[in-house]
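*Asks:* requesting a structural model of the entry that follows:
(one chain, ligands or ions: 1)
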Amino acid sequence: MSARMKRRVGAENVAVVEPSESHYYQPIWTLVGAGAKTLRSSGRATASVVPSGVKWIRSRVQEIDPDKSTVRTDDGKEISYQYLIVALGIQLHYEKIKGLPEAFEHPRIGSNYSVKTVEKTWKALQDFKEGNAIFSFPNTPVKCAGAPQKIMYLADAYLRKTGKRPKANIIYNTSLPVLFGIKKYADSLWDVVRARDLTINLRHNLTEVWPDRREAVFEKLDSPGETVVFEYELLHVTPPMGPPEVLKGNPLSDPAGWLDLDRDTLQHRTYPNVFGIGDCTNLPTAKTAAAVAAQSSVLDRTISKVMKKEKPDKKYDGYTSCPLVTSYSTVILAEFDYNGQPLETFPIDQSKERRTMYHMKANVMPHLYWHGLLRGLWGGPGPYRRIMHLGMK
Ligand code: UQ1
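*Replies:* Numbers count the residues shown, from 1 in each chain. Okay, the predicted model is just below:
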């Protein structure tokens, strides 16, 4: 968004408050956890991705006061703004699972959601001998809701490739009552699950890890008070997640703590000079980088209208996408909108496992991210979808 704002109002009028020295392309961590990409390849220096001329304030936002239009940072600076874009992301809560994060000091447990633990997934996969390989999905909203099962499909493929699959039970324990929220893709994923002999336990929520005994405790969400203990040889944890600390109790957030936006324009619902994008928002769609791309072009348009005292006129349709990696060479490319209706870019059935889509996920998307999205040049596939579907129902 800073690249887009630089084009609108000039670099000297744009600042980014961002504490991290490194910026990661997290969507590739699915493949890092499976040994198909390196962690190194996923990161760049923040200094190299902030657009030239834009001021980078290397601090963490501690408080936002939308009534005074100020932001306070952890090193005590107070910054005033005319317009604010909130893009705080989502917070990981490993600590909400008893025994974590300490259990990550032990082998055989990993998590593709953190820079600190993603390589441990790959190590655990390589060290696997025999037993249960367990993959969890928490009882909270998450970013990239497909990732918790993508690593299961990759683990299955890896264990087959290395001849260890006959000695493995592969188990997906999810808090959700479904495998995937959109039926068209869920149907295909169930086919994959059956074909590969994977076990899916719905409404199972990870609450505790005992790394010494290599056991994980799950509560059965449909039988209150009942828990079940699984021994594991490999455990992949998707942590509980929630809104950023800064937004909790802030006038900008809804009762659940998410940034309270108009779902069409991405303008704040009560503070007209505040806008938002991405995982920290309460937009009722799946939290993904693809959603951010589509949101970025709408938000650009909305802000330019608001700056000119005109009415925002472009609507976000909720577009989001999840490249469901089902092996080291195949992807089901889920794309859908606010209504949960498939909204596919390509004029082919994307619920089929495809090699072209794997290539897109593994090799095309990173470039689109670094050189397109981060430069404010990629606003999602909407325009291309319309071209590719010309003359088609
Ligand atoms: C996308 O725009 C995007 O953001 C850069 C992703 O992030 C990783 C994606 O995974 C996908 C699928 C899209 C959508 C792009 C196309 C070409 C369908």
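*Asks:* and for Trp56, the neighbour number?
*Replies:* Neighbour count for Trp56, taken as other Cβ atoms under 10 Å: 15. Every residue, glycine included, has its C-beta placed from N, CA and C.
*Asks:* what separation do you get for it and Asp187?
*Replies:* Note on Trp56: its distance to Asp187, by Cβ to Cβ, to the nearest Å, is 46 Å.
*Asks:* ditto for Gln295
*Replies:* From Gln295 to Asp187 the distance is 28 Å (Cβ to Cβ).
*Asks:* who has more neighbours out of the two?
*Replies:* Higher neighbour count among Gln295 and Asp187: Gln295, with 28 against 12, using other Cβ under 10 Å.
*Asks:* so is the worst-scoring helix or strand of the chain on mean pLDDT next to the ligand?
*Replies:* Lowest mean confidence among the helices and strands of the chain (mean pLDDT, DSSP states H and E): helix 382-388, at a mean of 90. No - judged by Cβ under 6 Å from any ligand atom, helix 382-388 stays clear of the ligand, getting no closer than 6.8 Å.
*Asks:* contacts for that helix next, please.
*Replies:* Residues from elsewhere that reach helix 382-388 (Cβ atoms under 8 Å, 6 or more residues apart in numbering): Ala294, Ser297, Asp317, Tyr319, Leu343, Glu344, Thr345, Phe346, Pro347.
*Asks:* near the ligand, from those?
*Replies:* Within the contacts of helix 382-388, those near the ligand by Cβ under 6 Å from any ligand atom are Thr345.
*Asks:* which non-adjacent residue is nearest Arg346?
*Replies:* Heads up, residue 346 is Phe, not Arg. Met388 (6.2 Å; Cβ to Cβ, 6 or more residues apart in numbering).
*Asks:* okay, now that neighbour: neighbour count?
*Replies:* Met388 is flanked by 14 other residues according to other Cβ under 10 Å.
*Asks:* ok, now Val115?
*Replies:* Neighbour count of Val115, defined by other Cβ under 10 Å: 15.
*Asks:* and Thr270, by the same measure?
*Replies:* If we define neighbours as other Cβ under 10 Å, then Thr270 has 11 of them.
*Asks:* which SS class is it?
*Replies:* State at Thr270, reduced to three classes by DSSP: H, G, I helix; E, B strand; the rest coil: coil.
*Asks:* now do the same contact list for it.
*Replies:* Pro251, Asp260.
*Asks:* what of Trp122?
*Replies:* Val32, Gly33, Ala34, Gly35, Gly110.
*Asks:* correct me, but the first one touches Val115?
*Replies:* No - assessed by Cβ atoms under 8 Å, Val32 is found out of contact with Val115, at 9.5 Å.
*Asks:* which residues do the two both contact?
*Replies:* Leu39.
*Asks:* perfect, that will be all.
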